[in-house]
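> any chance you could fold what I've pasted below:
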Amino acid sequence: QVRLVESGGGLVQAGRSLRLSCKAPGRALSLYAMGWFRQAPGKEREFVGTITWNSITTVADSVKGRFSISRDNSENVVYLQMNSLKPEDTGVYYCARGRGPSAFGNLGDYDEWGQGTQVTVSS
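Model prediction:
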């Protein structure tokens with residue numbers, strides 16, 4: 001079973017950047033779409049962005065122009081680059097494996113999830 005591990009979260013000031021990583025030790029992710037979601041306290045998990053197996057990306061309107069997704073299939077890792085962070089970006093960020101080579105913004109498009117990494121943006 002694939003185990004996804006996120007890293008790179010932390011506490012940052014508004015306007016700064018963070019880069020999150022998602023890995024699946026010992027397993028290949030190259031044939032799957034990968035997604036990023038986030039969940040703020042008291043809110044539902046929401047779509048942040050997705051990247052297809054061949055690196056076509058889509059991001060949510062709320063992060064467009066600030067966040068980007070990339071992947072390095074040779075290293076079996078997916079990244080979420082977050083720039084110009086805002087306090088409303090605070091939450092637990094999850095990576096997820098798509099059910100196939102492409103996926104969209106629905107939770108049901110993904111079948112494996114990481115444990116999440118906390119991102120806190122102070123004003």
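> CA only for contacts and neighbour counts going forward, please
Will do.
> tally of neighbours for Phe47?
Applying other CA atoms under 10 Å, we find 21 residues neighbouring Phe47.
> secondary structure class for Cys108?
Slight slip there: residue 108 is Gly, not Cys. Of the three states, Gly108 takes helix under DSSP: H, G, I helix; E, B strand; the rest coil.
> in the protein, where is pLDDT below threshold?
Under the criterion pLDDT under 70, the flagged ranges of the chain are 1-2.
> next, name the residue at the spatial heart of it.
Trp36 (2.6 Å; CA atoms, centre = their mean).
> is it true that it touches Tyr93?
Yes: the pair formed by Trp36 and Tyr93 meets the contact definition of CA atoms under 8 Å, at 6.9 Å.
> and the strands in the chain?
Listed in chain order, the strands of the chain (DSSP state E) span 5-7, 10-13, 18-23, 34-39, 46-51, 57-59, 67-72, 77-82, 91-98, 110-113, 117-122.
> these: which one's closest to Phe104?
Judged by CA to CA, the one of the strands of the chain that comes nearest to Phe104 is strand 46-51, at 6.7 Å.
> any residues touching that closest one, and which ones?
In this structure, residues lying in contact with strand 46-51 by CA atoms under 8 Å, 6 or more residues apart in numbering are 33-39, 57-60, 63, 68-71, 102-107.
> buried subset of those?
Under a neighbour-count criterion of 16 or more other CA atoms under 10 Å, the subset of the contacts of strand 46-51 counted as buried comprises 33-39, 57-59, 63, 68-71, 102-105.
> check contacts around Arg19.
Gly8, Gly9, Tyr79, Leu80, Gln81, Met82.
> put the buried members of those into a ChimeraX selection.
The buried residues among the contacts of Arg19 can be selected in ChimeraX (16+ other CA under 10 Å) with this line:
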select :9,79,80,82
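> between the contacts of Arg19, which is closest to Pro25?
Here the nearest of those to Pro25, counting by CA to CA, is Tyr79; it sits at 14.8 Å.
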